[in-house]
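Enquirer: here are the coordinates; sequence isn't available:
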């Protein structure tokens, strides 16, 4: 929380004001910043500081959520519910909390949110629940117009007086204060040379400072600090952390990183090919160390997505392909098929010839469900392997047109006209082009 006193005070003031305001809609605050800048930490500190009379409801979008309707909010309600029943149950849950007294709805990683969850949040934000505060976090560089999260931010800004809280990198003095806080060195201060090196190598990103400090350890903050060999990157810091893990734990984090999103216990069993007692022991070790967290009942993900990226980059190509192969089989056998994840793992496993068929089935279904951005992305994946496929060109054209990506829609529409054979297909292609 070094360097975060002002953003903390702004958010705390919004929550406090909600108890006395008589506005027609919930208050909205958007916390933005690059990966590792401390958005999650800030929100958690705010939630921890709230009095017991404030009800907190928190959801987190995951990588790949865009292709799974209501994926971000499903964990709040009975897992046996589906479709509109999930949306209705979540809406009622938030409404009951707001009717009881002050309440805070936290949505983390808005850049990954799916269309159905985004629409539900928008609906909640339009209700006359003045005691409710909505706090959402997102990465500006990964949030664009046409994505569900980007469209949600635009709608919120049109209808509300949105409080924008942007987190910046730490300066040199703040990195020094963070080093002292982490090391708990008392009166002994880290040398200026150490702080300078750390600031230069981390660029002032708090998460990276924490990870490099974890590698160096507080013992390096005395006279021999200049002799300590600092990792040059987050990936090197993660590699050194993994070196200390037993093989079962290491296999779990590698499998989870390649899986690419929060994984159920059953999915990890399939990908790691471990026995249940061994997997439980490994997960217990990883959660105790803070490397992995249980994001919901029986679902696990890393404490920070940057760790997953670093782990994937450190794997050998053959290791990645084998893990993607196992992930592909696990996803393929799930009761509800996730076409976007299946295509992702097919590419990772180098099963390129299967991607067009997966994309044809999945993109059309996404478009029918209103998951327009997910449909466009999956259709583009298929077109990368089969550039003249008329079914994929049809979906890509319509999805781009719906999203108002007109240049892209026209380009795919013209390609569609050239390859369409059946009269009805040619009529549709010419209609979109016109």
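Expert: Nice, I can see it. A quick note: this is a predicted structure, and the numbers were derived from the prediction, not measured. Numbering: from 1, shown residues only.

Enquirer: low-confidence ranges in this structure?
Expert: By pLDDT under 70, the low-scoring segments of the chain are 21-22, 145, 184-190, 215-234.

Enquirer: For residue 146, see how far away the residue nearest the centre of it is.
Expert: The chain has residue 62 as the residue nearest its centroid, 3.9 Å off, counting by Cα atoms, centre = their mean. Here the criterion is Cβ to Cβ, to the nearest Å. By it, residue 62 lies 20 Å from residue 146. (C-beta placed from N, C-alpha, C; glycine too.)

Enquirer: thinking again about what came up before, touching, the residue nearest to the centre of the chain and residue 301? I think so.
Expert: Yes. If you go by Cβ atoms under 8 Å, residue 62 and residue 301 touch, sitting 6.8 Å apart.

Enquirer: In three-state terms, label the residue nearest to the centre of the chain for me.
Expert: coil (DSSP: H, G, I helix; E, B strand; the rest coil).

Enquirer: Just give the nearest non-adjacent residue to it, would you?
Expert: residue 261 (4.4 Å; Cβ to Cβ, 6 or more residues apart in numbering).

Enquirer: which residues touch that neighbour?
Expert: Shown in contact with residue 261 (Cβ atoms under 8 Å, 6 or more residues apart in numbering): 62-65, 301, 341.

Enquirer: and with 10 Å instead?
Expert: 61-65, 68, 71, 112, 267, 295, 299, 301, 305, 308, 338, 341, 344 (Cβ atoms under 10 Å, 6 or more residues apart in numbering).

Enquirer: I'd guess residue 124 is in a helix, am I close?
Expert: Yes. Residue state for residue 124 (three-state DSSP) corresponds to a helix.

Enquirer: Report how many residues lie close to it.
Expert: 20 (other Cβ atoms under 10 Å).

Enquirer: element containing the closest residue in space to it that isn't next to it in sequence, please.
Expert: Closest residue in space to residue 124, ignoring its immediate chain neighbours: residue 94 at 5.5 Å, by Cβ to Cβ, 6+ apart. Under the criterion of DSSP states H and E, residue 94 resides in helix 84-100.

Enquirer: Could I get the buried residue list for that helix?
Expert: 86-87, 89-90, 93-94, 97-98 (16 or more other Cβ atoms under 10 Å).

Enquirer: returning to what we had before: I'd guessed the residue nearest to the centre of the chain sits against residue 295; true?
Expert: Yes. Using Cβ atoms under 10 Å, residue 62 makes contact with residue 295 at a distance of 7.8 Å.

Enquirer: thinking again about what came up before, any idea which of the buried residues of helix 84-100 is closest to residue 412?
Expert: residue 87 (31.6 Å; Cβ to Cβ).

Enquirer: Any idea how far apart the tips of stretch 20-39 sit?
Expert: Across stretch 20-39, the terminal residues are separated by 26 Å (Cα to Cα, to the nearest Å).

Enquirer: Check for me that residue 178 belongs to a helix.
Expert: Yes. The assignment for residue 178 (three-state DSSP) places it in a helix.

Enquirer: Now it: closest residue in space, sequence neighbours ignored.
Expert: In space, and not counting its chain neighbours, residue 178 is closest to residue 2: 4.4 Å by Cβ to Cβ, 6+ apart.

Enquirer: Thank you kindly, that will do.
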